[in-house]
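Novice: no sequence on this one, just coordinates:
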Ligand SMILES: Nc1ncnc2c1ncn2[C@@H]1O[C@H](COP(=O)(O)OP(=O)(O)OP(=O)(O)O)[C@@H](O)[C@H]1O
Ligand SMILES: Nc1nc2c(ncn2[C@@H]2O[C@H](COP(=O)(O)O)[C@@H](O)[C@H]2O)c(=O)[nH]1
């Protein structure tokens, strides 16, 4: 008599488990080798890899040993790698995903310093996006006040000013007719209706002038705007600002107290969509501390290597 067909309910025999585990190990090794080859070929910035490792410690990038990671960076050989790890106080046994916060920041600084030393710095157009209330405005204001070399673009918007906001500093507050005119006259590099409410747009001329004059420019805009800038200027660098946790994001939005409960709800719905799109960005920065996040953003503006495109 034949066996009843319940084989799939039984535990797999050990040799099947072993085979599956060995196939998974081979696939993981190949994926890590591909990442290292991409770094070595300048196809991906080591910083992008470090960012991904931070976001997903158990992902391909997170599983890279810090030694193999550094050795894949062009012009770093065994001696430089060992010196660097000693200077950064990082054990060679560590994987990228297992670095402590301070170790990660030291490694980041090290990579940025190398990149900015490695050649001519290019004027950068950098987009800072992220969910509502993550602190984009706060971090951008900190950059404007502490890094005068960076031009912070001032957007036009049809929304009403909040208490304390100044026309021409925080936004150009315009009515619908004026916004329509700006679109019609091609004055905006990009524009979007945000949170299904008001329209926001980036004036084109100040950006073009600043880039021509050798300054870096920072745009603090929403996800739709970031996508439009990427389509119009593929060389732009896209940074996604993340909250330490979802709960903290909600706390910041409610704590800011500038929106009604209905508007807060609407913004949180958009925030979920925006968070799901973070992989489209070249870099991710977590805004735990404003000064630290601002420094990370400004540091990223100095990097020359073309970011990898997902
Ligand atoms: N690192 C931080 N720690 C604690 N609070 C912060 C931090 N960064 C920003 N905040 C606070 O979070 C609130 C939201 O910040 P902000 O208005 O800058 O966010 P935003 O991303 O520009 O929001 P939106 O997209 O809705 O305009 C503010 O009250 C701000 O003071
Ligand atoms: N696409 C664009 N989005 C912009 C621009 N300026 C700001 N923004 C984004 O709008 C929301 C809401 O801002 P708030 O000041 O009303 O809270 C936020 O995500 C901004 O980043 C722009 O020029 N283009």
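Specialist: Looks like it arrived, so ask away. Predicted model only: the values in this text are computed from it and were never measured. Ligands and ions are numbered 1, 2, ... in the order given.
Novice: CA only for contacts and neighbour counts going forward, please
Specialist: Fine.
Novice: Stretch 171-180 vs ligand 2: in contact?
Specialist: No. Stretch 171-180 does not reach ligand 2 (C-alpha under 6 Å from any ligand atom); its nearest approach is 7.7 Å.
Novice: Residue 240: which element?
Specialist: strand 237-242 (DSSP states H and E).
Novice: And for residue 231, the neighbour number?
Specialist: Counted with other C-alpha atoms under 10 Å, residues neighbouring residue 231 total 11.
Novice: Does it lie in a helix or a strand, and which?
Specialist: Residue 231 belongs to helix 223-232 when assigned by DSSP H and E.
Novice: cool, residue 202 as well?
Specialist: strand 199-203.
Novice: Over to residue 285?
Specialist: In the assignment (DSSP H and E), residue 285 maps to strand 283-286.
Novice: and that strand, which strands flank it?
Specialist: Under the criterion DSSP bridges, strand 283-286 sits next to strand 237-242 (parallel) in its sheet.
Novice: show me what contacts the closest residue to residue 174 other than its chain neighbours?
Specialist: Among residues not flanking residue 174 along the chain, residue 158 sits closest, at 5.2 Å (C-alpha to C-alpha, 6 or more residues apart in numbering). Listed by C-alpha atoms under 8 Å, 6 or more residues apart in numbering, the contact set of residue 158 reads 173-176, 179, 198-200.
Novice: Against residue 225, how distant is residue 158?
Specialist: Distance of residue 158 to residue 225, computed by C-alpha to C-alpha, to the nearest Å: 16 Å.
Novice: now stretch 24-43, how far from the centre of its chain.
Specialist: 21 Å (C-alpha atoms, centre = their mean, to the nearest Å).
Novice: For stretch 272-285, buried residues please.
Specialist: Buried residues in stretch 272-285, counted by 16 or more other C-alpha atoms under 10 Å: 274-275, 278, 281-285.
Novice: Count the residues that sit near residue 76.
Specialist: 14.
Novice: For residue 255, what is the enclosing helix or strand?
Specialist: Residue-wise, residue 255 maps onto helix 246-256 under DSSP H and E.
Novice: I would like the residues contacting stretch 228-236, please.
Specialist: For stretch 228-236, contacts defined as C-alpha under 8 Å, 6+ apart pick out 124-127, 189-190, 238, 306.
Novice: does it come close to ligand 2?
Specialist: No. Stretch 228-236 does not reach ligand 2 (C-alpha under 6 Å from any ligand atom); its nearest approach is 8.1 Å.
Novice: Average pLDDT for that stretch, rounded please.
Specialist: Stretch 228-236 carries an average pLDDT of 90.
Novice: Kindly report the same for stretch 279-290.
Specialist: In this model, stretch 279-290 carries a mean pLDDT of 94.
Novice: thinking again about what came up before, now the angle from the strand holding residue 240 to helix 223-232?
Specialist: On the basis of axes from the mean of the first three to the mean of the last three C-alpha atoms, to 10 degrees, strand 237-242 is oriented at 160 degrees to helix 223-232.
Novice: All the helices of the stretch 101-250 of the chain, residue numbers only.
Specialist: Counting by DSSP state H, counting those that start in this stretch, the stretch 101-250 of the chain has helices at residues 101-117, 136-146, 176-184, 204-212, 223-232, 246-256.
Novice: Contact residues of the chain facing ligand 2?
Specialist: 129, 132, 155, 191-192, 194, 200-202, 220-222, 224-225.
Novice: One more pass at 5 Å, please.
Specialist: 155, 191-192, 200-202, 220-222, 225 (C-alpha under 5 Å from any ligand atom).
Novice: wait, which of those is closest to residue 94?
Specialist: Proximity of the residues of the chain next to ligand 2 to residue 94 (C-alpha to C-alpha) peaks at residue 220, which lies at 35.3 Å.
Novice: If the closest one is in a bridge, with which residues?
Specialist: Under the criterion used (DSSP bridges), residue 220 bridges to residue 128.
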